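Undergrad: Quick one, structure for this:
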Amino acid sequence: MWHRPKISQLAGLIGVALVFGVAGRWWWHARWQSPPELVSSPGYVGDQSCRSCHRTVYDSYKRTAMGRAWYLPTSENIIEDYTENNQVYDHRRDLHYEMISRDGQFLQREYRLDEYGALIHELVRQASYVVGSGEHVRSYVADSGGYLTQLPISWYSDEKKWGLSPGYETFNHRFDRPIGPGCIACHNDYPKFVQATLNKYESPVPTGIGCERCHGPAEWHVRQQTDGWQPPRQTAVQPTIVNPAQLSGSLKDDVCFQCHLQGDAEFVNPGMEQYGYRPGLRLADYRSVYQAETSDPDKFGIASHAARMVQSRCFTESAGRFNCITCHDPHVPLREVQAETYLSACLNCHTKISCKRTADGSVAHQQNDCVTCHMPRGHPADVQHTVFTDHWIRRPQQSENTTEPKPLPAGPVLLRAFWDDPKPDEERQGLAHLSFAFAKGGRANLEFGIELLQKAALHGNLHLEGWRRLGMAGLAKRDPSLAGSAFQQALRLDPNDGKSQMGFGMALGAFGDLDRALAELESANRSAPDQLDAYPEVSAIHMQRRQPERALAVLEQSLRLNPHQPRVLAMIATVHCQDLANMDQGIDAFRRAIQLDPDNVYFRVSLGAAYMTQGNLEASREQLQLALRLAPDSVPALLTLARVYMLRQEKSEAIKCLEQVLILDPKNQYAQQILRELGSSAGPN
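TA: From the prediction side, this is the model:
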């Protein structure tokens, strides 16, 4: 039983990461109505094993957008402008970007200029992978020791221009947006994801969506075709490979829906593997997708083909006969498909004379073009600078397709499951509301998600992932009692679950139980050594215990895993400056942290204070003024700058800073005391 100790102060808001459960099912062929009990399951063998027998189809597929969805950047596959129109300016964050092709490397340079045009910030990162075929968009991924993050600038083929990456126009994540396992799965073959991390993958990372994503693991099929091997269980139909065209309607759709279904809240179902789905299985058994009731019916996302299509009368009244491959052959590039192909699909049910625009002489009617009117192209709500086909087949609409988001309602946003469930599952509903809250914001959905998971727990229906996610919600709302009890329950189900060990340690740390917190966090590092979030927590406890050498060793271990961690660098700098009196190394670490996070006011104030201690007053003043440029109301920056001016014998400037502090914080005793010592009034005029 978790007993809540008395506490006087909670720790700050703790970041939350969505991590999915780990369990799975045997692979099975769709002709079986339930999963058979197989002795073993087939493995993946790679596309080259398919090419020897299916070369024509293989070569055609590799020209499709899916076949080119993830790949290495080379001089041969450049379509972007790296020489002339290769600059982007983000006016919201005052950051410039330059795209550079140099010596076989493809780089994105971020920089900032002061009011005089002088360079005050610069950071260059290399694109390790290209995401997207380039039919509409190409984005880029950086690899730092296996930790994958998105780069801030993308190429938009429709307009032949560079621009902020999708989603970055509202908030520029710069180089820090993690490429999670759900993201990579829809642009690539299944990678080897390192459990308990946000975004680490074993090398080599696959390059492109392959044959087995739609046809299932091919090991048994290849062995059967090459040496006559027979699988552990055989039926009248060949069970060693899946042909999606032979599946029943819903199972056929699921093969496409694994990537072309987009929701407002998505997660892997409790008890299922992140990459457990295989073609021929029910996707709803492995994945839950919810859509917000506030969604504008005229808005669509770049991957919302499924959600739009199922609203069409063509789909709802077809009794399962209408599906994705009614119109699309996934082995043929779209640009090679003739318009007559789509017309013939329409004429399976409709006739040319059924068109209501016969008499108006429209070009669409004259060209027998159903798609132009009934599946109009528009701007996706989630990707700028591009045009996409809306897959909701319907009569022409007059409403506008805008990208301005609606404000969230005061209460919880209602979420509708994509797959109807006659018996709503409290755990899944709770996970949906938490997923929505973590992704979109909204305290009401966070609270409602917690309530639903607690009800599921009372009924004994909470899996490991449910307990873990409940604990994360407790941390997010600064309730370590809720977090601690939930993580304890998760650890009863799996004592070696690194995420739960870390969360339990953080909850204990919030209560001030440092001994138990340290034990749990160190267990988390042993269970999941690639989980970066635990290292700063361990180090913070060592610093509280006045053990700077141990704190430094833990932080340096984390930095060896991934050097692009500004928070870790700033903590290293603090240890050097405050505890080890090694100002040179501390200043160097602060400068490296600021290069990775130039808008962090705390980093700049700390660096200014370090320069002041070292006696470099000009460098200190420069950093503090930059901090105030970012946050004019920063009291720590103003107080530290006042001290610098006092050391520089600039009394009037010091007084200005202190008086500004008292405008912001009239009861600031330090500012009042210094002003009295300087002979000035103890408050603003």
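Undergrad: switch to C-alpha atoms for all contacts and neighbour counts from now on
TA: Noted.
Undergrad: Tell me who's in contact with Pro412.
TA: The contact partners of Pro412, taken as C-alpha atoms under 8 Å, 6 or more residues apart in numbering, are Gly442, Arg443, Ala444, Asn445, Phe448.
Undergrad: By neighbour count, which of these wins?
TA: Most neighbours among those, by other C-alpha atoms under 10 Å: Asn445, with 25 neighbours.
Undergrad: Helix, strand, or coil at the residue nearest to that one when sequence neighbours are not counted?
TA: Spatial nearest neighbour of Asn445, excluding adjacent residues (C-alpha to C-alpha, 6 or more residues apart in numbering): Pro412 at 4.6 Å. With DSSP: H, G, I helix; E, B strand; the rest coil as the basis, Pro412 sits in coil.
Undergrad: tell me the contacts of Lys62?
TA: Arg68.
Undergrad: Distance check, it against Leu658.
TA: 66 Å (C-alpha to C-alpha, to the nearest Å).
Undergrad: What lies in contact with the strand or helix carrying Glu451?
TA: Per DSSP states H and E, Glu451 falls inside helix 443-458. Under the criterion C-alpha under 8 Å, 6+ apart, residues 410-413, 426-427, 429-434, 436-438, 462, 466-467, 470, 473 lie in contact with helix 443-458.
Undergrad: What about those, which are in strands?
TA: When these are checked against strands (DSSP state E), there are no matches.
Undergrad: Show the buried residues in those residues.
TA: Buried members of these, scored by 16 or more other C-alpha atoms under 10 Å, are 412-413, 426-427, 429-434, 436-438, 462, 466-467, 470, 473.
Undergrad: Can you check my assumption that Gly163 lies in a strand?
TA: Yes. Under three-state DSSP, Gly163 falls within a strand.
Undergrad: For it, give me its contacts.
TA: So Gly163 contacts Val88, Ile153, Ser154, Trp155, Tyr156, His385 (C-alpha under 8 Å, 6+ apart).
Undergrad: Specify the local secondary structure of the fourth one.
TA: Assigned with three-state DSSP, Trp155 falls in the strand class.
Undergrad: can you pull the contacts of the residue lying closest to it once chain neighbours are set aside?
TA: Spatially, and ignoring its direct neighbours in sequence, Trp155 is nearest to Trp162 (4.6 Å; C-alpha to C-alpha, 6+ apart). By C-alpha under 8 Å, 6+ apart, the contact list for Trp162 reads Asn85, Asn86, Gln87, Val88, Ile153, Ser154, Trp155, Tyr156.
Undergrad: The fourth one and Ala142, how far apart?
TA: Using C-alpha to C-alpha, one gets 19 Å for the distance from Val88 to Ala142.
Undergrad: From the neighbour counts alone, determine which of these two ranks first.
TA: Ala142 (22 against 17).
Undergrad: From Ala490, how far off is Phe511?
TA: Phe511 is 19 Å from Ala490, by C-alpha to C-alpha.
Undergrad: which of those two has more neighbours?
TA: Neighbours were tallied for Phe511 and for Ala490 using other C-alpha under 10 Å; the higher tally belongs to Ala490 (27 against 21).
Undergrad: so whichever strand or helix holds the more buried one versus helix 443-458, what angle?
TA: Secondary-structure assignment from DSSP H and E places Ala490 in helix 480-493. Interaxial angle, helix 480-493 versus helix 443-458 (axes from the mean of the first three to the mean of the last three C-alpha atoms, to 10 degrees): 40 degrees.
Undergrad: Could I get the CA-only coordinates of helix 480-493 as PDB?
TA: This file holds the C-alpha atoms of helix 480-493, laid out as PDB (Å, rounded to 0.1, in the frame of the first residue of the first chain):
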ATOM      1  CA  PRO A 480       3.300  12.100  -6.500                       C
ATOM      2  CA  SER A 481       0.900  10.200  -4.300                       C
ATOM      3  CA  LEU A 482      -1.100   9.100  -7.400                       C
ATOM      4  CA  ALA A 483       2.100   8.600  -9.400                       C
ATOM      5  CA  GLY A 484       3.700   6.500  -6.700                       C
ATOM      6  CA  SER A 485       0.800   4.200  -6.100                       C
ATOM      7  CA  ALA A 486       0.300   3.600  -9.900                       C
ATOM      8  CA  PHE A 487       4.000   2.900 -10.500                       C
ATOM      9  CA  GLN A 488       4.100   0.500  -7.600                       C
ATOM     10  CA  GLN A 489       1.200  -1.500  -9.200                       C
ATOM     11  CA  ALA A 490       3.000  -1.500 -12.500                       C
ATOM     12  CA  LEU A 491       6.200  -2.800 -10.800                       C
ATOM     13  CA  ARG A 492       4.200  -5.600  -9.300                       C
ATOM     14  CA  LEU A 493       3.300  -6.700 -12.800                       C
END
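Undergrad: what's in contact with it?
TA: 1-4, 464-465, 467-468, 470-475, 497, 500-501, 503-504, 507-508, 510-511.
Undergrad: and those residues, which are buried?
TA: 464-465, 467-468, 470-475, 497, 500-501, 503-504, 507-508, 510-511.
Undergrad: between the contacts of Gly163, which is closest to Gly301?
TA: His385 (13.2 Å; C-alpha to C-alpha).
Undergrad: How about the contacts made by that closest one?
TA: Contacts were defined as C-alpha under 8 Å, 6+ apart; by that measure His385 touches Tyr156, Asp158, Glu159, Gly163, His379.
Undergrad: Please name the nearest non-neighbouring residue to Ser539.
TA: Counting by C-alpha to C-alpha, 6+ apart, the residue nearest Ser539 is Ala551, at 4.3 Å.
Undergrad: Now do the same contact list for that neighbour.
TA: Residues in contact with Ala551 (C-alpha under 8 Å, 6+ apart) are Val538, Ser539, Ala540, Ile541, His542, Met543, Val575.
Undergrad: can you give me the strands for the stretch 551-685 of the chain?
TA: For the stretch 551-685 of the chain, no strands are identified by DSSP state E, counting those that start in this stretch.
Undergrad: low-confidence ranges in it?
TA: 680-685 (pLDDT under 70).
Undergrad: cool, and the stretch 101-250 of the chain?
TA: 233-238.
Undergrad: pLDDT weak spots in the stretch 351-500 of the chain?
TA: In the stretch 351-500 of the chain (pLDDT under 70), the answer is 353-354, 356-368, 398-410, 422.
Undergrad: can you give me the strands in the stretch 51-200 of the chain?
TA: 70-71, 87-90, 95-102, 105-113, 119-126, 129-131, 137-144, 147-150, 153-156, 161-164, 177-178.
Undergrad: now those strands as JSON lines including distance to Leu347?
TA: Output for the strands of the stretch 51-200 of the chain, formatted as JSON lines (distance: least, C-alpha to C-alpha, whole Å):
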{"stretch": "strand 70-71", "distance to Leu347": "36"}
{"stretch": "strand 87-90", "distance to Leu347": "46"}
{"stretch": "strand 95-102", "distance to Leu347": "47"}
{"stretch": "strand 105-113", "distance to Leu347": "47"}
{"stretch": "strand 119-126", "distance to Leu347": "49"}
{"stretch": "strand 129-131", "distance to Leu347": "36"}
{"stretch": "strand 137-144", "distance to Leu347": "32"}
{"stretch": "strand 147-150", "distance to Leu347": "43"}
{"stretch": "strand 153-156", "distance to Leu347": "34"}
{"stretch": "strand 161-164", "distance to Leu347": "38"}
{"stretch": "strand 177-178", "distance to Leu347": "45"}
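Undergrad: Right, I'll call it a day here.
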